[in-house]
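> Okay, predicted coordinates and the sequence, questions at the end:
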Amino acid sequence: MFKIRSPIYLAIAAVLAVSLGLQGCGSNSEGIAASTPDNTMNFNRVSTFAVCSQIDSSCESDDVTAAEIAAASTDGMTVIYTNSPKGEIGFVDITDPTNPKPLGKVAAGGEPTSVAVLGNYAVVGVDTSTSFTAPSGKLLVVDIAKRELVTTIDMGGQPDSVAVSKDGKYIAVVLENQRDESFNGGALPQLPAGSLKIVDVVGAPSTWKTRSVDLTGIATLYGTDPEPEYVAINDENIAVVTLQENNHIALVDLKSAKVTTHFSAGSVTLAKVDLKDERPNRISLTETQTDRLREPDGVTWISNTRFAIANEGDLNGGSRSFSVMNTSGVVEFDSGASLDHLAVRLGHYNDKRSDAKGNEPENVAFARYQSTDYLFVASERSSLLAVFDMSNPVKPVLKQALPGAISPEGILTIPSRGLVISASEVDDRSLPARAALNIYAYQKASAAYPTLQSADRSDGTPIPWAAMSGLAAASDGNTVYGIEDSFFGGNRIFGIDVSQQPAVIKSEITIRDTDGHFATFKATLPLAKDDQAFDQDDVSKMINQDLSVNIDPEGIAIASAGGFWVASEGAGSKTAYETERKITSANLIFKVSATGVIERVIPLPAAMNDMQARYGFEGVTEHNGKLVVAIQRSWDIANKNGNPLIGLFDLTTEAWSFMSYPIDPVSSPNGGWVGLSEITAIGNNRYLVVERDNHMGPDARIKRIYRIDLTGKADGAVLTKTLVRDLMDDLKATKGLVLEKVEGLAVLPNGQVIIVTDNDGVNDHAGGGETQLIRLGKL
């Protein structure tokens, strides 16, 4: 649907590129100089502000926070954001955008839902409703410099969106008076009806008056219950208001407080989308969804006669797209399934949302940076900020995609300073995840993200991927093989071309039990009898009808005899280590051919299986006729933070031996654990091991590569280790919150080292779905 101009996308998506059409010199019909594309400029993240740092600088707080909607002071030096869980608005100093600093907060006396800036003031919509049937709210006027409340204006309903006219004459406030989704299945209508409130800015804030605009009777679906969602104002003081559940749009003249026109947002037929939340998860871009209502949420003006909408969906719709419409109600462009495909290509697609609204575009924002017009689209469920060149506003061109923290809700453009900020609302220290403001700068530089993306399948859709869990380098110097973990079924091995930047997934190999080796292994097991035993019934669930398998690949290695070794982590605990987790699979090593056919299954010895605990195989490598596996954590019930084991399997004698790995002690202020996540042979019986804690962002402390030497080490030996590299600086260099899971490491033939992070299939991922493939150079 959209076109792709950036060089990082052209190599894999040239089929989407078409001629730009209207662009270049001259001016548009409104007398503004025409937008011109600039391929030398890109947006890159320069910092991330964790909202928890407003509580204390080290973020050592379990308090739930959020950054939902953000606005900037007129000089662009201060960001003001809504923090609904804490009932406050926060202030951030971005004088130096690479080093944002907390400036404090102001209590809102309710749930702040939106913020905008009018001169020296921040105007904040606050929901004070005691029930769905008795909605109430207020508009706070806050002095930005003093961070003090100036006055409060009663809204007579539940505010959800606030906008300020460019001439400063009007404030428009959407009063949604939202429905109760638990009442009657959330069906509409549910009164009282929402409306638009206009604040006339005349005199001191304490003297500002309000007018109401009735929005009932205009929508076809639920005319008595308009459910207005978002508002934006153009240069002529015309407000565009989305009525999301009604799939309707209203234009309001703020001077007269009249609805001048209104129309349906329409519907779209989506092709090559995934509409099922399957178990196990698989991304399958093969389905069609006809006449899907757009149900727009966020809206932004592109010109005085044209606007863009984010088609998030709510009650009965959600078209996974954004659209460009004119003030006559004509849809001039719709992105169709392209945002879903973009998320899939970048490993950001959340398959658990396939049966709902896919990537779920939440919001849009428009601004001109230097001589180029851009539209920003925030994907709530894929945690991406897509950037489009709008030089031809009816033929948007995808420029790039930026990573955000979990669930970006608000987009703030500050073109005077060359900055864009996304505000994310999900915060849960135990997940772990932290709400944040991601700050991006417009730079004469290459795009830093993505670092990994996929090429197309033969049907023109991108190779689906996520949850990259292990790496192994091929001998050609340009190829690395990756593996996906148990978030997905029908597990696959990926061929990654690392000679390109970003690296490109060019092939996929499905692991299958074509010759029955896994089924034969199954026959050696007892029948089901005990929830704490791995048995035939468990294996039956792991082999699909097409003979693909549902295992938990956590490590991959190139086999010297051809093909691959794949380490599959067991699930569940045999002992009281974690009694709530029954055994459903064992720790297994699979020998897989170059085409993905299982050739051999290697289990742990019985004595080890009897000790099985969660956190098993996390890496595998082959060296000198032996397989070496890393077990993530100690299985000692009395010492879970004790030393994990390194296991050796002799391919000739088929004997196992185990050695104790000296794990670093827990050092995160949030506790947790430290474990192993990868092992790679580097020659002469030496190995690189990745050691990490289970924390991200401000709580992360241990992300390290160590070297161990197994020369002369016998069964039961306690190993020693040498620090090769502390990865914290490498992870901080992405300018995002430090990602939790460094899960893959490969050493190329020339000695270059590559690591990759695991995004857990995007669902509730600490980094919002972000995957970083980082080139460390020679160590």
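Nice, I can see it. Numbering: from 1, shown residues only.
> do you know how far D180 is from T133?
Separation of D180 from T133 (CB to CB, to the nearest Å) stands at 8 Å. To be clear about C-beta, it is placed using only N, CA and C from the backbone, and glycine gets the same treatment.
> Do a quick rundown of the helices in the stretch 301-450 of the chain.
Using DSSP state H, counting those that start in this stretch, the helices of the stretch 301-450 of the chain run over 338-345.
> surely M77 meets D96?
No - at 9.6 Å, M77 does not count as touching D96 under the criterion of CB atoms under 8 Å.
> Looking at the two, which one has more neighbours?
Between M77 and D96, counting by other CB atoms under 10 Å, M77 is the more crowded of the two (16 against 11).
> how many neighbours does the nearest residue to that one once chain neighbours are set aside have?
Closest residue in space to M77, ignoring its immediate chain neighbours: T95 at 5.0 Å, by CB to CB, 6 or more residues apart in numbering. Look at T95: counted by other CB under 10 Å, it has 12 neighbours.
> Check for me that T95 belongs to a strand.
No - checked against DSSP: H, G, I helix; E, B strand; the rest coil, T95 lies outside a strand; its state is coil.
> Return the per-residue confidence for it.
Predicted confidence (pLDDT) at T95: the value is 98.
> next one: the one 10 residues further on
Looking at K105, its pLDDT stands at 97.
> so what's it up against?
Contact analysis of K105 by CB atoms under 8 Å, 6 or more residues apart in numbering lists Q54, N83, K86, E88, I89, G90, F91, R147.
> quick one: what helix or strand has D476 in it?
Using DSSP states H and E, D476 maps to neither a helix nor a strand.
> now swap in A163 and tell me
Element membership of A163 [criterion: DSSP H and E] is strand 159-164.
> Show the subsequent helix or strand relative to that strand.
Once the chain leaves strand 159-164, the next helix or strand it forms, by DSSP H and E, is strand 170-175.
> now the angle from that next one to strand 159-164?
170 degrees (axes from the mean of the first three to the mean of the last three CA atoms, to 10 degrees).
> and strand 170-175, what other elements does it pack with?
Here strand 170-175 touches strand 137-143, strand 159-164, strand 195-200, strand 228-233, going by 3 or more CB pairs under 8 Å, 6 or more residues apart in numbering; DSSP states H and E.
> What strands line up against the third one, and which way round?
What that stands for is strand 195-200. Strand 195-200 has its sheet partners listed here by DSSP bridges as strand 170-175 (antiparallel), strand 209-214 (antiparallel).
> which stretch among those strands comes nearest G194?
The minimum distance between G194 and the strands paired with strand 195-200 falls on strand 170-175, with 5.0 Å, by CB to CB.
> which residues are contacting that closest one?
If you take CB under 8 Å, 6+ apart as the criterion, strand 170-175 is touched by 116, 118, 123, 125, 135, 137, 139, 155-165, 194-201, 208, 228-231, 233, 237, 239, 241, 252, 254.
> Any stretches of the stretch 201-350 of the chain with poor pLDDT?
Within the stretch 201-350 of the chain, no stretch has pLDDT under 70.
> 90 instead, please
Residue ranges of the stretch 201-350 of the chain with pLDDT under 90: 278-280.
> what are the ranges of the strands in it?
Using DSSP state E, counting those that start in this stretch, the strands of the stretch 201-350 of the chain run over 209-214, 228-233, 238-243, 248-253, 258-264, 267-273, 287-293, 299-303, 306-310, 322-326, 331-334.
> could you dump those strands to JSON lines with mean neighbour count and distance to A70?
Converted to JSON lines, these look like this (neighbours: other CB atoms under 10 Å; distance: least, CB to CB, whole Å):
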{"stretch": "strand 209-214", "mean neighbour count": "14", "distance to A70": "25"}
{"stretch": "strand 228-233", "mean neighbour count": "25", "distance to A70": "15"}
{"stretch": "strand 238-243", "mean neighbour count": "26", "distance to A70": "19"}
{"stretch": "strand 248-253", "mean neighbour count": "22", "distance to A70": "24"}
{"stretch": "strand 258-264", "mean neighbour count": "16", "distance to A70": "29"}
{"stretch": "strand 267-273", "mean neighbour count": "19", "distance to A70": "30"}
{"stretch": "strand 287-293", "mean neighbour count": "15", "distance to A70": "29"}
{"stretch": "strand 299-303", "mean neighbour count": "22", "distance to A70": "14"}
{"stretch": "strand 306-310", "mean neighbour count": "26", "distance to A70": "16"}
{"stretch": "strand 322-326", "mean neighbour count": "24", "distance to A70": "20"}
{"stretch": "strand 331-334", "mean neighbour count": "19", "distance to A70": "27"}
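> Make a markdown table out of those and add distance to R345.
Output for the strands of the stretch 201-350 of the chain, formatted as a markdown table (distance: least, CB to CB, whole Å):
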| stretch | distance to R345 |
| --- | --- |
| strand 209-214 | 42 |
| strand 228-233 | 28 |
| strand 238-243 | 28 |
| strand 248-253 | 30 |
| strand 258-264 | 31 |
| strand 267-273 | 13 |
| strand 287-293 | 18 |
| strand 299-303 | 25 |
| strand 306-310 | 20 |
| strand 322-326 | 17 |
| strand 331-334 | 19 |
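> Assumed M659 was part of a strand.
Yes - counting by three-state DSSP, M659 is part of a strand.
> circling back to that earlier point, same list (the helices and strands packed on strand 170-175) but as TSV, adding distance to P698.
Listed next are those as TSV, based on distance: least, CB to CB, whole Å:
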stretch	distance to P698
strand 137-143	27
strand 159-164	30
strand 195-200	39
strand 228-233	32
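> Can you tell me which of the contacts of K105 is nearest A717?
Closest approach between the contacts of K105 and A717, by CB to CB: Q54, at 49.2 Å.
> Around that closest one, count how many other residues there are.
Number of residues near Q54 (other CB under 10 Å) recorded here: 24.
> Is it in contact with T65, as I believe?
Yes - assessed by CB under 8 Å, Q54 is found in contact with T65 at 7.3 Å.
> Overlap in contacts, the two.
Common neighbours of Q54 and T65 are listed as N83 (criterion: CB under 8 Å, 6+ apart).
> if I pick the residue of the chain most remote from its centre, what's in contact with it?
Residue farthest from the centre of the chain, counting by CA atoms, centre = their mean, is T653 at 46.1 Å. Not one residue lies near T653 by CB under 8 Å, 6+ apart.
> Where does pLDDT dip in the stretch 351-500 of the chain?
Applying pLDDT under 90 to the stretch 351-500 of the chain flags the ranges 404-406, 425, 427-428, 430-433.
> For T575, report the pLDDT, please.
On the pLDDT scale, T575 is placed at 70.
> my read: it touches A613, true?
Yes - using CB under 8 Å as the test, T575 is close enough to A613 to be in contact (6.6 Å).
> what packs against the strand holding A163?
Applying 3+ CB pairs under 8 Å, 6+ apart, we find strand 159-164 packed against strand 111-118, strand 121-127, strand 137-143, strand 170-175, strand 228-233.
> quick one: strands adjacent to the first one?
Sheet pairing of strand 111-118 (DSSP bridges) gives strand 121-127 (antiparallel).
> Would you mind pulling the contact partners of the partner strand?
Strand 121-127 is touched from outside by 71, 80, 82, 89, 108-117, 135-144, 150, 155, 158-162, 164, 171, 173, 199, 205, with contacts defined as CB under 8 Å, 6+ apart.
> Give me the buried entries from these.
Among those, those classed as buried by 16 or more other CB atoms under 10 Å are 71, 80, 82, 89, 108, 110-117, 135-142, 144, 150, 155, 158-162, 164, 171, 173, 199, 205.
> which one of the strands of the stretch 201-350 of the chain lies closest to G460?
Among the strands of the stretch 201-350 of the chain, the nearest to G460 by CB to CB is strand 267-273 (7.7 Å).
> if we can go back for a sec, please identify which of T575 and A613 sits among more neighbours.
A count of neighbours by other CB under 10 Å puts A613 above the other of T575 and A613, at 22 against 14.
> and V539, how far is that from E554?
Using CB to CB, we find V539 at a distance of 18 Å from E554.
> nope, G418 is what I was after
Distance, G418 to E554, by CB to CB: 42 Å.
> which residues in the stretch 601-750 of the chain form helices?
Along the stretch 601-750 of the chain, the stretches classed as helices by DSSP H, counting those that start in this stretch are 606-609, 728-732.
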